[in-house]
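Asks: I would like to see how this sequence folds:
(2 chains)
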Amino acid sequence: DQQVKQNSPSLSVQEGRISILNCDYTNSMFDYFLWYKKYPAEGPTFLISISSIKDKNEDGRFTVFLNKSAKHLSLHIVPSQPGDSAVYFCAASAVGNQFYFGTGTSLTVIP
Amino acid sequence: ETGVTQSPTHLIKTRGQQVTLRCSSQSGHNTVSWYQQALGQGPQFIFQYYREEENGRGNFPPRFSGLQFPNYSSELNVNALELDDSALYLCASSLSGSYNSPLHFGNGTRLTVT
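Replies: Presented below is the predicted three-dimensional model:
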């Protein structure tokens, strides 16, 4: 039972344009959400988080949006850079100790 | 600030054997979680340790066990290895008591069971 889903396995974007990565969840008890970036042969790197009391959080080029009624969150990267090419995972938690991860979206930023 | 370190980076074992993976948490963090990432999947929660006690467990059998030491480092032990245990094992540390603390991952141990 996949509680967190990333339905797009891959995404290609031109350098300088916006990348939008999407994530859906089923458990309405989730109240804390994370995005990670993963390069091959490395562990996931924390990018940005959002709690359920907010609907938007920004950190530099990265913005996460949360739509609780739709159980949907998205990560916007503006402007996209070739170094952003990686696999992106979203994760969600209800009680703070167990995070549920999506299957990832592979982003390719084309120079 | 020292990040999360895991050892070894790669390991090959035979079905039925036992394996121990090690993790040093990021400085200042008191909680360690272990995740299994199979090929093409997202990380799956195995268990979490806080104050040297198991503090939550995912859907993994008892042959997966762990320890946390007073310096917050941790071990993951897997007994009676099966072929399906082949995966990347990720350790993550965080700061319990700080609500909404993100996980910080190490680079993982790649386990191959033949």
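Asks: quick one, strands of the chain?
Replies: Assuming you mean chain A. Ranges of strands in chain A, per DSSP state E, are A:4-5, A:10-14, A:19-25, A:32-38, A:45-51, A:56-59, A:62-67, A:72-77, A:86-93, A:99-101, A:105-110.
Asks: switch to chain B, that's the one I care about
Replies: Assigned by DSSP E, chain B shows strands spanning B:5-7, B:10-13, B:19-24, B:31-37, B:44-50, B:53-57, B:64-68, B:74-78, B:87-94, B:104-105, B:109-113.
Asks: what residue in chain A comes nearest to chain B?
Replies: Nearest residue of chain A to chain B, counting by C-beta to the nearest C-beta: A:Phe101, 3.2 Å away. Any C-beta I mention is one placed from the backbone N, CA and C, and that applies to glycine too.
Asks: pretty sure that residue is touching B:Gln36, no?
Replies: No - counting by C-beta atoms under 8 Å, A:Phe101 does not reach B:Gln36; the two are 10.8 Å apart.
Asks: so what sits against both of the two?
Replies: B:43-44 (C-beta atoms under 8 Å, 6 or more residues apart in numbering or on different chains).
Asks: just to revisit the earlier point, CSV please, covering the strands of chain A and showing mean pLDDT, mean neighbour count and distance to B:Thr20.
Replies: Shown next, in CSV, are the strands of chain A (pLDDT from 0 to 100; neighbours: other C-beta atoms under 10 Å in any protein chain shown; distance: least, C-beta to C-beta, whole Å):
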stretch, mean pLDDT, mean neighbour count, distance to B:Thr20
strand A:4-5, 96, 20, 30
strand A:10-14, 98, 14, 36
strand A:19-25, 98, 21, 34
strand A:32-38, 96, 23, 25
strand A:45-51, 95, 17, 26
strand A:56-59, 97, 12, 37
strand A:62-67, 98, 18, 37
strand A:72-77, 98, 19, 36
strand A:86-93, 96, 24, 26
strand A:99-101, 95, 25, 24
strand A:105-110, 98, 17, 32
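Asks: just send those back as JSON lines, with distance to B:Ile46 too.
Replies: Compiled in JSON lines, the strands of chain A are given as follows (distance: least, C-beta to C-beta, whole Å):
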{"stretch": "strand A:4-5", "distance to B:Ile46": "17"}
{"stretch": "strand A:10-14", "distance to B:Ile46": "28"}
{"stretch": "strand A:19-25", "distance to B:Ile46": "21"}
{"stretch": "strand A:32-38", "distance to B:Ile46": "17"}
{"stretch": "strand A:45-51", "distance to B:Ile46": "19"}
{"stretch": "strand A:56-59", "distance to B:Ile46": "28"}
{"stretch": "strand A:62-67", "distance to B:Ile46": "26"}
{"stretch": "strand A:72-77", "distance to B:Ile46": "25"}
{"stretch": "strand A:86-93", "distance to B:Ile46": "15"}
{"stretch": "strand A:99-101", "distance to B:Ile46": "12"}
{"stretch": "strand A:105-110", "distance to B:Ile46": "24"}
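Asks: excluding chain neighbours, what is closest to B:Cys91?
Replies: Leaving aside its sequence neighbours, B:Cys91 sits nearest to B:Cys23 (C-beta to C-beta, 6 or more residues apart in numbering or on different chains; 3.4 Å).
Asks: that neighbour contacts B:Ser73, correct?
Replies: Yes - using C-beta under 8 Å, B:Cys23 is in contact with B:Ser73, at 6.3 Å.
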